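Novice: sequence first, then the predicted structure:
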Amino acid sequence: MSVLIDKFDVFAGGFWLTLQICVLAAIGALILGAVMAVLRISPVPPLRAVGTAYVTVFRNMPLTVVMFFAAFGLPALGSNADFLRIPVLDSLFTRLGTDLPYFRFALLALVLYTAAFVCEALRSGVNAVPPGQAEAARSLGLTFGQNLRHVVLPQSWKASVVPLGSVIIAMIKNSALIGFFGVVGDLSQTADQLTSAEGYAFIPVAVGISIGYLIMTVPLGALLDRLEKRQAVAR
Amino acid sequence: MRMKRVAAVAAAATLALGLAACGGDDADEGTGSGSKSFAAGSTMEKLNKAQKIKVGTKFDQPGFGQKGLSGKPEGFDVEVAKLIVKELGIPADKIEYVETPSKVREDAIVNGTVDLVAATYTINDKRKERIAFAGPYYEAGQNILVKKDDTTITGPDSFKDGTKKVCSVTGSTPAEEIKKSIKDVGTQLVLFDTYPKCRDALKGGQVDAVTTDNVILLGYIAEDEASFKLAGDNFTKEPYGIGVKKEDTDFRNFINDTLEKAFNDGSWKKAWDDTAGKFGAELGTAPTINRY
């Protein structure tokens, strides 16, 4: 187990990079997922169809396949995902703005895939709001947008926050795939590096990176439990 | 009555032993169980008795171990493994090939998934802590593959200014070596599990260079001479060895003897000419076996 102490800086570096991509991917997935959820519940049929198609495609495709499309399909189409070099963010998260596109490819795949689940978690929350609420809002003359903003979403939030948390936890664990698609230095790739190049035995290294993932997921889970308890009181 | 039965069993046993001895004499040159005599309890004896051997090699390494339409890997590593297997008295068609990419090689040996590994396996001290190496049977060197029209990369020093991007394979020695010349790993280095992905990234322009042992790169040049070239000379020495279990010194010595024999009788050179030699790679003189 001495590898955990000897190579602490390597584990810490891997943890930091995984945390970065997870934060970015969570933000991206929540935004895209919310947009898709609005599309799916919108009163306009073509918009609903777009939302449904998105969820159907990305919820049903294995993440590995999405990753492959992003990391090897986009370059074949001549794109380096440069649209993700978002001005302020790329100075905070330096990997976002580098010439090497694989961090952006992996981020894109994680966002696209997770957004489908975020969309469904949000929609299930909306469905949990009694229809009378939306009807009442409509009869008061609120538009669809106002209705969502002031009446439906604030109530649906309570019902969807716990499933959303589960989706994000799943995403953090899914991020272990990125090391196999050209991203150097995240937790899972760190494990690869230590076991194959530096010859450490696998199990202690696996324990080390598991701790890294647990540091991210366990507090998130605990937070969700608290939120759930508070909600129970509120009802 | 009882005496008679015992006598009959004894007689039968003697007869069987005699027959076995005769059979052994006849098949001395060939293959089959008991065709060669090895020290009792040695790995060689066990493998010879079982008439089965599991060889770990790469399935994606042109010239060394590449699985093609035949369904079996072909290349120099495979041929060298066959020379050893032949010396064990096992026919080549009894070899079970197991794919061992760079990162699983030590584990495959330690766990006994394979009996030996011949997979462009560079001998180094870190690896010697977990397994043992026979050989080397070839000395390669690290080089850099670039696009044919690239004149900006001339060697490992070209990566020092922090702008050029390079691809290699996770956990391989060349990846560790090139890190020494790289300014920022995060922005300059890409690691994949196999080299073809690196080659595609070079072709697509995501990276500027691919680095690994020269013979592997020569394989890609042979496949597509119009697109790629080597940038400069080899800048390391990579002795390829046969990986075996760390404590199995007898087996290691046996492989070393076999390799030395192959160096001298020309079968080593023939194996090269039939495989990696076709790409124009130099074989050089036989390396000195390192019996540590």
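Specialist: Perfect, I can see it now.
Novice: from here on, just use CA atoms for contacts and neighbour counts.
Specialist: Fine.
Novice: contacts for the lowest-mean-pLDDT helix or strand in chain A, please.
Specialist: The weakest-scoring helix or strand in chain A, judged by mean pLDDT, DSSP states H and E, is helix A:89-92 (a mean of 77). By CA atoms under 8 Å, 6 or more residues apart in numbering or on different chains, the surrounding residues in contact with helix A:89-92 are A:96, A:97.
Novice: likewise stretch A:36-51?
Specialist: Applying CA under 8 Å, 6+ apart, the external contacts of stretch A:36-51 come out as A:52, A:54, A:115, A:116, A:119, A:120, A:122, A:123.
Novice: tell me the contacts of the residue of chain A found nearest chain B?
Specialist: Nearest to chain B in chain A, going by CA to the nearest CA, is residue A:197, at a distance of 3.7 Å. Listed by CA under 8 Å, 6+ apart, the contact partners of residue A:197 are B:103, B:170, B:171, B:172, B:173, B:176.
Novice: can we see that at 10 Å?
Specialist: A:191, B:102-103, B:126-127, B:169-176 (CA atoms under 10 Å, 6 or more residues apart in numbering or on different chains).
Novice: and the spatially most central residue of chain B, how far from chain A?
Specialist: The residue lying closest to the centre of chain B (CA atoms, centre = their mean) is residue B:118, at 1.9 Å. To chain A, residue B:118 is 16 Å away according to CA to the nearest CA, to the nearest Å.
Novice: list phi and psi for that residue.
Specialist: phi -120, psi 90 (degrees, to the nearest 10).
Novice: determine the number of other residues adjacent to residue 141.
Specialist: Defaulting to chain A. A count of neighbours around residue A:141, defined by other CA atoms under 10 Å in any protein chain shown, yields 11.
Novice: switch to chain B, please.
Specialist: Using other CA under 10 Å, residue B:141 is surrounded by 19 other residues.
Novice: so what's it scoring on pLDDT?
Specialist: Model confidence at residue B:141, expressed as pLDDT, equals 88.
Novice: likewise for the one 3 residues further on?
Specialist: pLDDT, residue B:144: 93.
Novice: could you give the bridge partners of it?
Specialist: For residue B:144, the beta-bridge partners under DSSP bridges are residue B:211.
Novice: isn't it right up against residue B:229?
Specialist: Yes - using CA atoms under 10 Å, residue B:144 makes contact with residue B:229 at a distance of 8.5 Å.
Novice: list residues touching both of those two?
Specialist: With CA under 10 Å, 6+ apart, residue B:144 and residue B:229 have common neighbours residue B:217.
Novice: those two - which one has more neighbours?
Specialist: Comparing residue B:144 with residue B:229 by other CA under 10 Å, the one with more neighbours is residue B:144, at 27 against 20.
Novice: so the residue nearest to the centre of chain B sits against residue B:243, correct?
Specialist: Yes - Residue B:118 is within contact range of residue B:243, at 6.6 Å (criterion: CA under 10 Å).
Novice: overlap in contacts, those two.
Specialist: By CA under 10 Å, 6+ apart, residue B:118 and residue B:243 have these common neighbours: B:56, B:105.
Novice: quick one: residues contacting the residue in the stretch 1-150 of chain B that chain A sits nearest to.
Specialist: Per CA to the nearest CA, residue B:103 is where the stretch 1-150 of chain B lies closest to chain A, at 4.3 Å. For residue B:103, the contacting residues are A:192-199, B:169-172, B:193, by CA under 10 Å, 6+ apart.
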